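Novice: Prediction below, plus the sequence it came from.
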Amino acid sequence: MITIHWERAGIALPQMPRATGRFTDLMAKAIARRGGATAWLYTHENGEAKGGHCHLLAHVPADRAKAMPAMQKRWLRSISGRPYRARVILSRPIGGRLGLEKTNPDLHAANLAEALAYLIKGANEAAAQQFGLKRLEAGGLVIGKRCGTSQNIAAKARLGAAVMK
């Protein structure tokens, strides 16, 4: 799970969706260069105390995970045109440690469910009732898209996968 505080990085609210798009593009290309693939979903939020920021859940192949923090800081410098500032990005593996999905899949699944619930806390009441969401919070003013996914897990891809079954 990655949280990027775009406002702290010097990215204004109207540019936040473009910055997130550039970040996910750089991430996908970096992973693809090593023959890997990724999937991701994000949500944008804004608030008085927090400013404009993005929460991103991304699949990162195990062989790329340790290199990600350094790459993320370079990508942020490239996107913002400014030196990296402390507390702009928080990047942690689900469950707090790499490899948890193999060593303790049940704990990993529980932590992943909590991370996803946190990410979609801005859902409306109808979605909360339909999916049994317990945590709801306003996401604040966002300009542009509030949330999105990589194309390989987007609605069209899911529909195509269902048709193939």
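Specialist: Looks like it came in fine.

Novice: Please identify the buried residues of whichever helix in the chain runs longest?
Specialist: Using DSSP state H to define each element, the chain has its longest helix at helix 16-33. Neighbour counts over helix 16-33 (16 or more other Cβ atoms under 10 Å) mark 16, 17, 19, 20, 22, 23, 24, 26, 27, 28, 30, 31 as buried. Any C-beta I mention is one placed from the backbone N, CA and C, and that applies to glycine too.

Novice: pLDDT below threshold where in this protein?
Specialist: Where the chain drops to pLDDT under 70, the residues are 161-165.

Novice: All the strands of it, in order from the start?
Specialist: Here the chain has its strands, by DSSP state E, at 2-4, 40-45, 53-58, 89-91, 147-149.

Novice: Can you list the strands that the first one pairs with?
Specialist: Paired strands of strand 2-4, with direction, are strand 53-58 (antiparallel), strand 89-91 (antiparallel) (DSSP bridges).

Novice: circling back to that earlier point, and the longest helix of the chain, what does it pack against?
Specialist: Secondary-structure packing of helix 16-33 (3 or more Cβ pairs under 8 Å, 6 or more residues apart in numbering; DSSP states H and E): strand 2-4, strand 40-45, strand 53-58, helix 68-80.

Novice: For residue 157, find the nearest of the ones you listed.
Specialist: Nearest to residue 157 among the helices and strands packed on helix 16-33 is strand 40-45 (12.3 Å), distances taken as Cβ to Cβ.

Novice: the inter-axis angle of the closest one versus strand 53-58?
Specialist: Put simply, strand 40-45 runs at 170 degrees to strand 53-58, going by axes from the mean of the first three to the mean of the last three Cα atoms, to 10 degrees.

Novice: can you list contacts of strand 40-45?
Specialist: Strand 40-45 is touched from outside by 16-17, 20, 24, 27-28, 52-59, 119-120, 122, 139-140, 142, 144-150, 153, with contacts defined as Cβ atoms under 8 Å, 6 or more residues apart in numbering.

Novice: Buried ones in that strand, by neighbour count?
Specialist: Within strand 40-45, the residues scored as buried using 16+ other Cβ under 10 Å are 40, 41, 42, 43, 44, 45.

Novice: Pick the one among those residues closest to residue 97.
Specialist: residue 40 (20.3 Å).
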